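**Student:** Please work out how this folds:
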Amino acid sequence: MKQELSQIPITSIILDEAIYPRTGIDHKRVGIFAENIRDGFKFDPIEVELAPETPDTYRLLDGAHRWSAYKSTGKDSVKVFIKELNGTDPLLYAATKAIGPKQLTEEEARDTARRAYAGNSSLSSVNIGKAIGRARQTVDVYIADLRAATQQNKDIKIFSMNRLGIPQDRIAKRLGMDQKTVHNHLGKMPVLANLLNADLSQGFTVAQVA
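**Tutor:** Residues are numbered from 1 along each chain as shown. A predicted model of the protein is given here:
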């Protein structure tokens, strides 16, 4: 993970709520920071990354309150670390930085876990938990329904492709799985087929079941 120290215009920085782990800005904290800035107190550089698909714009990874305080004092530019996350989930990285001075609330932790998993279902409960300051078991509870829906969606895709006669190796390649995983899923297909047939027999359409 690379970083570069730079001085950039404060107007080029945005707060992207999609990767912000808190429910809002603490304006009291911003006011305290602003007073400190006016008194000459030096803060660590905030952290940003290039905003996807937006030239010359950076989104905050750490330091939303410092950034807000700089803006309120009329600063034109600020020192930042420009990060290259190299595949690290930006929401979880921001959450990791956020829990330094203050733990995420229960609502913030749950929302962050669910947003992270919804964006990348390959994330483990352990990795999510480390980022938000919660145990794996707690994260399991947070995302149980999302995980079940993802699992069912995979099962239906595998079932459909298998019924179309697509070989297991090609199914695995299309879905980004290894062939052993596909094979294990296919072992559950009789149960899934019974569940689908039960839904159809109750009057649901094929589209609704899918």
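**Student:** which ones are touching the nearest residue to Asn120 once chain neighbours are set aside?
**Tutor:** Residue nearest to Asn120 in three dimensions, not counting chain neighbours: Asp89, with 6.1 Å by C-beta to C-beta, 6 or more residues apart in numbering. Bear in mind the C-beta positions are built from the backbone N, C-alpha and C, glycine included. With C-beta atoms under 8 Å, 6 or more residues apart in numbering as the criterion, the residues that contact Asp89 are 116, 119-120, 123, 131.
**Student:** Quick one: buried ones out of these?
**Tutor:** With neighbours counted using 16 or more other C-beta atoms under 10 Å, those contain these buried positions: 116, 123, 131.
**Student:** ok, then the element right after the helix or strand hosting the first one?
**Tutor:** It stands for Ala116. For Ala116, the enclosing helix or strand under DSSP states H and E is helix 106-119. Stepping forward along the backbone from helix 106-119, the first helix or strand reached (DSSP H and E) is helix 125-132.
**Student:** Report the mean confidence score over that next one.
**Tutor:** The predicted model assigns helix 125-132 a mean pLDDT of 95.
**Student:** ok so Phe43 is a helix residue?
**Tutor:** No - secondary structure of Phe43 (DSSP: H, G, I helix; E, B strand; the rest coil): coil, not part of a helix.
**Student:** and the closest residue to Asp56 other than its chain neighbours, what does it touch?
**Tutor:** On the basis of C-beta to C-beta, 6+ apart, the spatially nearest residue to Asp56 that is not a chain neighbour turns out to be Ser12, at 6.0 Å. Contacts for Ser12 were tallied using C-beta under 8 Å, 6+ apart; they are 56-58.
**Student:** where's the host helix or strand of Ala172 relative to the chain centroid, distance-wise?
**Tutor:** Taking DSSP H and E as the definition, one finds Ala172 inside helix 168-175. When C-alpha coordinates are averaged (C-alpha atoms, centre = their mean, to the nearest Å), helix 168-175 and its chain have centres 26 Å apart.
**Student:** Please write out the alpha-carbon positions of it in CSV.
**Tutor:** What follows is the C-alpha trace of helix 168-175 in CSV, where atoms were taken according to Å, rounded to 0.1, in the frame of the first residue of the first chain:
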residue,chain,number,x,y,z
GLN,A,168,-18.6,-28.0,-14.0
ASP,A,169,-15.3,-26.5,-15.1
ARG,A,170,-17.0,-23.9,-17.3
ILE,A,171,-19.6,-23.1,-14.5
ALA,A,172,-16.7,-22.6,-12.1
LYS,A,173,-14.9,-20.3,-14.5
ARG,A,174,-18.0,-18.2,-15.2
LEU,A,175,-18.8,-17.8,-11.5
